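>>> Predicted model, plus sequence, below.
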Amino acid sequence: MLEPEPRAGAAPDVPAGAAPTAPDQPSRAVLDTPPGAVSGRADGNANGNGHPPASTVRREILLRLRQQGPASPDQLAGQLGASRSGILQHLRALESARLVERQTIRHGVGRPRHVYDVTADAQDLFPGNYDGLATGLVRAIAAVGGRELVERVFEARREQTRHRLQARFADRRMADAPLLDRVRELAVFQDELGYLSDAEPGDDGSVRLREHNCAIYHVACDVPAACDAELALFTEVLGAEVVRESHIASGDRCCSYRIRAIAGSPQTEP
């Protein structure tokens, strides 16, 4: 299974109103916008005071710094048609979220000049083409070694993910937990990777795992081995019978799995 992995040191996205993140994690709530939304100019929508929303101004600040390099509050205020004090307030919020950093420039006699620039943590807020990259890489692998090499790559990826999941289950002392609990933990893992997953008990004694989004949709449509690896992964990690009932890459609304404990296994009830 080829799933997106969080970048080392990156923090998860925090929706507006959520609890503050830990001190060592940058907060994306400062933008009130999902990752990838920083892609265009300020939209000009005003709040009740006739001013652009804070999130709009902050996105525009990040875009200016990314495109033009370090800038002072005065430069940004002039470019955005805003007051210096207002821009400083936005910069401080972005700095607290570790999306911009302040640099001090000394030039002769007098007070030093402060300029701001985007940090590496801000990169995740700008458009990316990871789906296109993954699809291109898979096609390149196929061109080099054919279908067999592609399948071997997904097999290796499945092994890596299996080790991660097994370590996670061990850390949470879930190796001997009831099947329903283990499937729910698997759903949380998949949800963190962008699959919009949930799990619930079925009426027939099984457990249903559903993925409402395919985080690798174009790869999955191109390469059946990606979905085959996912099915094999679930079967291995859960030690259960896993049957795929619907499939996004085949045109269904979600990928759904019916999961049953194997007769005679230590976890015989969901």
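Done, it's in. Numbers count the residues shown, from 1 in each chain.

>>> what about the strands in the stretch 51-200 of the chain?
100-105, 113-118, 197-201 (DSSP state E, counting those that start in this stretch).

>>> so the second one versus strand 100-105, what angle?
The reference is to strand 113-118. With axes from the mean of the first three to the mean of the last three Cα atoms, to 10 degrees defining the directions, strand 113-118 sits at 150 degrees from strand 100-105.

>>> Mind giving me the packing neighbours of strand 113-118?
Judged by 3 or more Cβ pairs under 8 Å, 6 or more residues apart in numbering; DSSP states H and E, strand 113-118 is in contact with helix 54-68, helix 73-80, helix 84-96, strand 100-105. For every residue, glycine as well, the C-beta is placed using N, CA and C.

>>> Report the backbone C-alpha coordinates of the longest one in CSV.
What follows is helix 54-68 as a C-alpha-only set of coordinates in CSV (Å, rounded to 0.1, in the frame of the first residue of the first chain):
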residue,chain,number,x,y,z
ALA,A,54,-7.6,37.4,9.2
SER,A,55,-7.1,34.0,7.4
THR,A,56,-7.2,35.8,4.0
VAL,A,57,-4.5,38.3,5.1
ARG,A,58,-2.3,35.7,6.6
ARG,A,59,-2.5,33.5,3.5
GLU,A,60,-1.6,36.5,1.4
ILE,A,61,1.4,37.3,3.7
LEU,A,62,2.6,33.7,3.3
LEU,A,63,2.2,33.9,-0.5
ARG,A,64,4.1,37.2,-0.7
LEU,A,65,7.0,35.9,1.4
ARG,A,66,7.2,32.6,-0.6
GLN,A,67,7.2,34.5,-3.9
GLN,A,68,9.3,37.5,-3.1
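
>>> buried ones in it?
Ala54, Ser55, Thr56, Val57, Arg58, Arg59, Glu60, Ile61, Leu62, Leu63, Arg64, Leu65 (16 or more other Cβ atoms under 10 Å).

>>> mind checking the longest helix of the chain?
For the chain, the longest helix by residue count, based on DSSP state H, is helix 130-171.

>>> and it, what other elements does it pack with?
Helix 130-171 sits against helix 179-192, helix 217-222, helix 224-238, with contacts defined as 3+ Cβ pairs under 8 Å, 6+ apart.

>>> possible to save the ones you listed as a markdown table with mean neighbour count and mean pLDDT?
Shown next, in a markdown table, are the helices and strands packed on helix 130-171 (neighbours: other Cβ atoms under 10 Å; pLDDT from 0 to 100):
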| stretch | mean neighbour count | mean pLDDT |
| --- | --- | --- |
| helix 179-192 | 20 | 96 |
| helix 217-222 | 18 | 91 |
| helix 224-238 | 20 | 95 |
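
>>> Same list, these, but as JSON lines with distance to Arg258 please.
As requested, the helices and strands packed on helix 130-171 are exported to JSON lines (distance: least, Cβ to Cβ, whole Å):
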{"stretch": "helix 179-192", "distance to Arg258": "11"}
{"stretch": "helix 217-222", "distance to Arg258": "20"}
{"stretch": "helix 224-238", "distance to Arg258": "11"}
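
>>> doesn't Arg102 make contact with Tyr116?
Yes. With contacts counted by Cβ atoms under 8 Å, Tyr116 reaches Arg102, the gap being 5.5 Å.
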